[in-house]
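coordinates only, sequence not included:
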C-alpha cells in the first residue's frame, strides 16, 4: 500500500459582506481578527468557512457559515485575551450562501442555494423566512440603520425586505444575468447591485427614478463597495480591473489594473483616502483615489486573496488565502504579525485514473486539480482554475484528456499534461455535481444541482439541455464508450438512460439516492449505487444483468470496472474498497485503510492495481490485488 497525498485545506470563500469593511474597536484589534477567523475548534470534522461577519454591536462576536453543510455558528469571547465559546450552532441550510448581522446585533440573516432568506434570533430561533427569489441567493446586506435587508440572486433580481419578512416594494428588474454583488450606501438611501451581465445598477430605496441607473463595468462583477462618505462606488470583476464611479455615473480616472484575472474584494480604507484590492495574483494592492499607488503591493498569499478586514484604531488588517490555506495578520506598515495561520487538511471529492494507469488526477475542497504518478510524485504545479470545491473528474478512455466540474458551476476539459483545452462551460444553475466524457472526448455530459443534464460538444458548445432530467440534484453521469448513450442518477432515486440526442430510453427506480454510475468497458451495461450500499447492474434497456451486490450496508460513493470488465470495485462510507469478481467465483475482496469514508476508486491498466481516495483523511492509497488478497 502506498499513500501519498495530503492536501492543505484552503481558507475557502472567507467572503465579507459586499461593500463593507469590518471595523474592530478592540484595543488589540489584530489579535481579535486573528483569533476570530482561525482559532475556532471544529466539531466532527474540518470547517469550511464560506462567510464570516462581525456583530456591529459587539467587536468580540462574529457569525460564521460552514459551507460543507450550511451551518450557522455564532462565536464570542468575553475579552480580547479570552478563548472563543460557541453561542449558536444550527443548520441554516446556507450552502454557498452568505450571512449578515443586523446593526444592533439582535438578528442574523442567512441565504443559500435554496432561494430562501432566513432571519434568526441570536438564540437560534427562526423568526421568519423571506421567499421570492427563484434560485440561489449569493449576497445579502442590512441597511446601516437596520430598517431593511437587500438581496441579490441568480434570478437576476434585486429585492428589498422589511424585517417582518414582507417585501419592501416590487423586485428591482434590469439585470440580464446572475446578480453577484450588492452594497448599501452609508445613508441607506441607495442600493448598488452588479453581476455577470457586466453592469452596475443603482436603485433608490424609496422607488424614485435615478437620472443614471446603469453603469457599464465591461466584465462580470464580483465585488462592490461604497466609500465611507457615500459619494463614490468601486467595482471589481473578472477582467482583473477596479473601476471608480461618482454617484452621477461618471467614471473617476482610468481603471486600476494588475490584480490577476479576477478581483474578488474591493474595500475603501476607513478614512476613505485609499482603496484596497485583492485578487487572483496573491497580493493586496493599495491605490490612491487619483489612480496612483498608495504603496507597493503586499505579496500576501500563494494564489487568490479572498478576504480582507481593517482595524481602524491601529491600521492593522487581515487577509485570507483562497488556495494556500492561510490567514495572515499585518501591521499598518505591512509587516507580518507572527507566522501564517494554516487551516485544516482538505477533503478529496474527485479522482480519476488514466486508462494506462500512469496518471492519477485528484481534486477537492481546496479548489485545486492535481496530477500524480502512481508512485506518489506530483506532476507539475497544482491547477488553480475552479473557484470553489471540485466535485467530479473523469478521463477519456484513450487517456488523452480529462474533465473537471465544481461548485463554481463550471465544466472544464484538460489535456493529460494539464493544459486547459475547453472551458469554462457554463450553463447549470448553481453547482455541477458530476461530469463524464465519451471515449475520445467528442461528447461531454454534466449533471447539476438544478436537476438538469447538459450535453456538450468537444469544443464546449451546448448540444442538448435536459432541463428536468431529475427531480433534484443529478449526482452521477456516465457516457458510453461510443458516445451514443448517457446514463444519469439523482437524489430522487432514479437512474435514467438517454440517447445522445437527449431522448429518454429507460427510467429505473432504484429506490435510493444515487451517488455513482459507471459503464462497463464494452458499453453494453452499467452499474449504479448510492446511499443504501446496493449495487445494481443493468443493460441499456433497463433490464437487470445480475443479482445486486452488497457491501456491509454502507453508502457507496464510487464504482469502477476493471479494464477487462470482469471485476467491479466500490468505495464507500465504511472506509473500505470492495472488489467483486463478476463471475461469482469468489467472495468479495475487502481492503480497509481510510479513516471514515472512501470517496473515489479506480483500476490501473493491469487490472491488479487499485487507487482509492479518502473523503475526510485527504489521502490517496494504492492497492495491489493478487489471488483475491490485497
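Now that the structure is in, tell me what you want to look at. Since the structure is predicted, the reported quantities are computational estimates derived from the model, not experimental observations.

now residue 372: how far from residue 269?
Separation of residue 372 from residue 269 (Cβ to Cβ, to the nearest Å): 44 Å. Where C-beta positions appear, they are placed from N, C-alpha and C, glycine not excepted.

buried sites along stretch 201-218?
For stretch 201-218, the neighbour count (16 or more other Cβ atoms under 10 Å) marks 201-203, 205, 215, 217 as buried.

any chance of CSV for these, columns secondary structure and distance to residue 291?
Output for the buried residues of stretch 201-218, formatted as CSV (DSSP: H, G, I helix; E, B strand; the rest coil; distance: Cβ to Cβ, whole Å):
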residue, secondary structure, distance to residue 291
201, strand, 25
202, strand, 23
203, strand, 28
205, coil, 31
215, strand, 18
217, coil, 17
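
okay, these in CSV with pLDDT and distance to residue 239 next?
Formatted as CSV, the buried residues of stretch 201-218 follow (pLDDT from 0 to 100; distance: Cβ to Cβ, whole Å):
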residue, pLDDT, distance to residue 239
201, 95, 18
202, 95, 21
203, 94, 24
205, 93, 29
215, 92, 14
217, 93, 8
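
so what's the residue nearest the centre of the chain scoring on pLDDT?
The centroid of the chain falls nearest to residue 388 when counting by Cα atoms, centre = their mean (3.1 Å). Listed pLDDT for residue 388 reads 76.

cool, and residue 492?
Note on residue 492: pLDDT of 90.

burial measure for it, as a count.
19 (other Cβ atoms under 10 Å).

follow-up on the earlier one: out of the buried residues of stretch 201-218, which comes closest to residue 88?
Ranked by distance to residue 88 (Cβ to Cβ), the buried residues of stretch 201-218 are led by residue 205 at 30.2 Å.

about what we covered before: pull the most distant pair out of the buried residues of stretch 201-218.
Spanning the widest gap among those are 205 and 217, at 22.1 Å by Cβ to Cβ.

how far away is residue 461 from residue 444?
Counting by Cβ to Cβ, the gap from residue 461 to residue 444 is 10 Å.

and if you look at residue 394?
According to Cβ to Cβ, residue 394 stands 9 Å off from residue 444.

before we move on, what about residue 276?
Separation of residue 276 from residue 444 (Cβ to Cβ): 40 Å.

between these two, point out the one with more neighbours.
Legend: neighbour count by other Cβ under 10 Å for residue 276 and residue 444, higher for residue 444 (30 against 24).

quick check: beta-bridge partners of the more buried one?
Per DSSP bridges, residues listed as beta-bridge partners of residue 444: residue 437, residue 456.

can I assume residue 605 sits in a strand?
No: assessed with DSSP: H, G, I helix; E, B strand; the rest coil, residue 605 is coil; it does not lie in a strand.

right, and it touches residue 355 too?
Yes: between residue 605 and residue 355 there is a contact under Cβ atoms under 8 Å: 6.1 Å.

who touches both of the two?
Residues touching both residue 605 and residue 355 by Cβ atoms under 8 Å, 6 or more residues apart in numbering: residue 563.

please say which of the two ends up with more neighbours.
Ranked by neighbour count (other Cβ under 10 Å), residue 605 and residue 355 place residue 355 first, with 20 against 15.

could you list every residue that touches the more buried one?
Contact analysis of residue 355 by Cβ under 8 Å, 6+ apart lists 395, 397-399, 563, 605.

kindly reformat these as a markdown table containing secondary structure and distance to residue 428.
Shown next, in a markdown table, are the contacts of residue 355 (three-state DSSP; distance: Cβ to Cβ, whole Å):
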| residue | secondary structure | distance to residue 428 |
| --- | --- | --- |
| 395 | strand | 21 |
| 397 | coil | 25 |
| 398 | coil | 27 |
| 399 | coil | 27 |
| 563 | coil | 32 |
| 605 | coil | 33 |
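
now rank those by neighbours and give me the top one.
Among these, the one with the most neighbours (other Cβ under 10 Å) is residue 395, at 24 neighbours.

which strand residues bridge that one?
Going by DSSP bridges, residue 395 is paired in beta bridges with residue 402.

please renumber the chain so that the first residue is 44 from this point on.
Let's use 44 as the start, then, which means that last one is residue 438.

ok, it touching residue 480?
Yes: the criterion here is Cβ under 8 Å, and residue 438 meets it with residue 480 at 7.1 Å.

and the closest residue in space to residue 495 that isn't next to it in sequence, how many neighbours?
Of all residues not flanking residue 495 in the chain, residue 510 sits nearest, at 5.2 Å (Cβ to Cβ, 6 or more residues apart in numbering). Look at residue 510: counted by other Cβ under 10 Å, it has 10 neighbours.

how far away is residue 664 from residue 432?
Taking Cβ to Cβ as the measure, residue 664 falls 22 Å from residue 432.

more crowded one of those two?
With neighbours defined as other Cβ under 10 Å, residue 664 and residue 432 compare such that residue 432 has more, 25 against 21.

quick check: end-to-end length of stretch 152-163?
Stretch 152-163 has its terminal residues 6 Å apart, counting by Cα to Cα, to the nearest Å.

joint contacts of residue 438 and residue 480?
Contact criterion Cβ under 8 Å, 6+ apart; residues shared by residue 438 and residue 480: 444-445.

host element of the nearest residue to residue 475 once chain neighbours are set aside?
Once flanking residues are discounted, residue 475 sits nearest to residue 448: 3.8 Å by Cβ to Cβ, 6+ apart. In the assignment (DSSP states H and E), residue 448 maps to strand 444-449.

give me the contact list for that strand.
Under the criterion Cβ under 8 Å, 6+ apart, residues 393, 395, 397, 404, 406, 410, 412, 428-439, 454-459, 464, 474-480, 484, 487, 489 lie in contact with strand 444-449.

can you say which of those residues are buried?
The neighbour count (16+ other Cβ under 10 Å) marks 393, 395, 397, 404, 406, 410, 412, 428-439, 454-457, 459, 464, 474-480, 484, 487, 489 as buried among the contacts of strand 444-449.

residue 434 reaches residue 474, doesn't it?
Yes: using Cβ under 8 Å, residue 434 is in contact with residue 474, at 6.8 Å.

all strands of the stretch 144-293 of the chain, in order?
Ranges of strands in the stretch 144-293 of the chain, per DSSP state E, counting those that start in this stretch, are 150-154, 159-164, 169-174, 180-185, 191-196, 201-205, 222-227, 233-238, 242-247, 257-259, 264-269, 275-280, 285-289.

want to throw these into TSV with distance to residue 592?
Converted to TSV, the strands of the stretch 144-293 of the chain look like this (distance: least, Cβ to Cβ, whole Å):
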stretch	distance to residue 592
strand 150-154	41
strand 159-164	40
strand 169-174	43
strand 180-185	42
strand 191-196	43
strand 201-205	49
strand 222-227	45
strand 233-238	47
strand 242-247	54
strand 257-259	58
strand 264-269	46
strand 275-280	50
strand 285-289	56
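
to residue 627, which of those lies closest?
Among those, strand 159-164 comes nearest to residue 627, with 49.4 Å by Cβ to Cβ.

now do the helices in the protein.
72-81 (DSSP state H).

what is the least confident helix or strand in it?
When each helix and strand of the chain is scored by mean pLDDT, DSSP states H and E, helix 72-81 comes last, with a mean of 24.

tally of neighbours for the closest residue to residue 422 other than its chain neighbours?
Spatial nearest neighbour of residue 422, chain neighbours left out: residue 414 (4.1 Å); criterion: Cβ to Cβ, 6+ apart. By the criterion of other Cβ under 10 Å, residue 414 has 22 neighbours.

in the sheet, who's paired with residue 414?
Going by DSSP bridges, residue 414 is paired in beta bridges with residue 404, residue 422.

residues in contact with it?
So, once contact is read as Cβ under 8 Å, 6+ apart, residue 414 ends up touching 402-404, 421-423, 426, 459, 461.

now residue 264, nearest residue through space, not along the chain?
Using Cβ to Cβ, 6+ apart and skipping residues adjacent in sequence, the residue nearest residue 264 is residue 237, 3.6 Å away.

was I right to think the one you found contacts residue 267?
Yes: in this structure, residue 237 is within contact of residue 267 by Cβ under 8 Å, at 5.5 Å.
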